[in-house]
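Student: Model the following, please.
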Amino acid sequence: MKKRILLIATLFGATLLAACGGGGGGETFTVASSDLAISADKTQGPALAQDISGETFTFGAVPDFGTTGTTSVVVTSTSATATPTFSIASTTGTASGALEFGSCIFRVTSSTFPSTSPMAVGKTVTVANCQLTVSTRLLVADAIARERSATLRLNTAVSSGTLVTVSINEGGQVTINGKAAGTVTLQPVTGG
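Tutor: Residues are numbered from 1 along each chain as shown. Purely as a prediction, here's the structure:
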């Protein structure tokens, strides 16, 4: 999947370069040199929750949750100061609760999972490696919103790509779904 996305991004970049060419003196513009990766630590976690609020991330099995089949995760954040919430659904059951950061800390308050499950009511699952990666590589820094793929990593489990709306301004600041998300390094590209 990542190879396909990279191929599409490369072809888009090549097409864009070809479109800018011809007629002498090529135009210079800037693109992101890498993808944006945001870790769910105590500093970035609350903003990350707002960036992806309402988006569904679909996984295969998630070992930390004890799920063995398709598992979906939705994070909801109503404001920068309110505690974000989560909902998880799999073939084994559903769960919801409060989401805290310092990694991703899922505190289960409602669940249909069996009492032996890590997702049972009253249990807490701490995912040390919790990170969002957004495909910003080769995205033009022109502040125009475009759909790009984003994946969520929960330790060894990585979601399939979910489309989010992304823009990058001329300073390299990235927004996801209209909210500030981070900064990427830009590189100049000249058409011609």
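Student: Name the helix or strand for Met119, please.
Tutor: Following DSSP states H and E, one finds Met119 outside all helices and strands.
Student: Read off the pLDDT value for the nearest residue to Leu139 once chain neighbours are set aside.
Tutor: Of all residues not flanking Leu139 in the chain, Ala32 sits nearest, at 4.9 Å (C-beta to C-beta, 6 or more residues apart in numbering). (Glycine included, C-beta is placed from N, CA and C.) In this model, Ala32 is scored at 95, pLDDT.
Student: same deal with the one 10 residues further on?
Tutor: In this model, Lys42 is scored at 90, pLDDT.
Student: Kindly report the same for the one 10 residues further on.
Tutor: Listed pLDDT for Ile52 reads 93.
Student: re the thing from before, can you pull the phi/psi pair for the residue nearest to Leu139?
Tutor: Torsion angles at Ala32 (phi, psi; degrees, to the nearest 10) stand at phi -70, psi 140.
Student: Name the residues linked to it by a beta bridge.
Tutor: Leu186 (DSSP bridges).
Student: Neighbours of the residue nearest to Ser103 when sequence neighbours are not counted, how many?
Tutor: With sequence-adjacent residues excluded and distances taken as C-beta to C-beta, 6+ apart, Ser103 is closest to Ala128, at 4.8 Å. Ala128 has 12 neighbours, counted by other C-beta atoms under 10 Å.
Student: cool, the one 5 residues further on as well?
Tutor: By the other C-beta under 10 Å criterion, the neighbourhood of Thr133 contains 18 residues.
Student: go on, the one 3 residues further on?
Tutor: Applying other C-beta under 10 Å, we find 27 residues neighbouring Thr136.
Student: Appreciated, that's everything.
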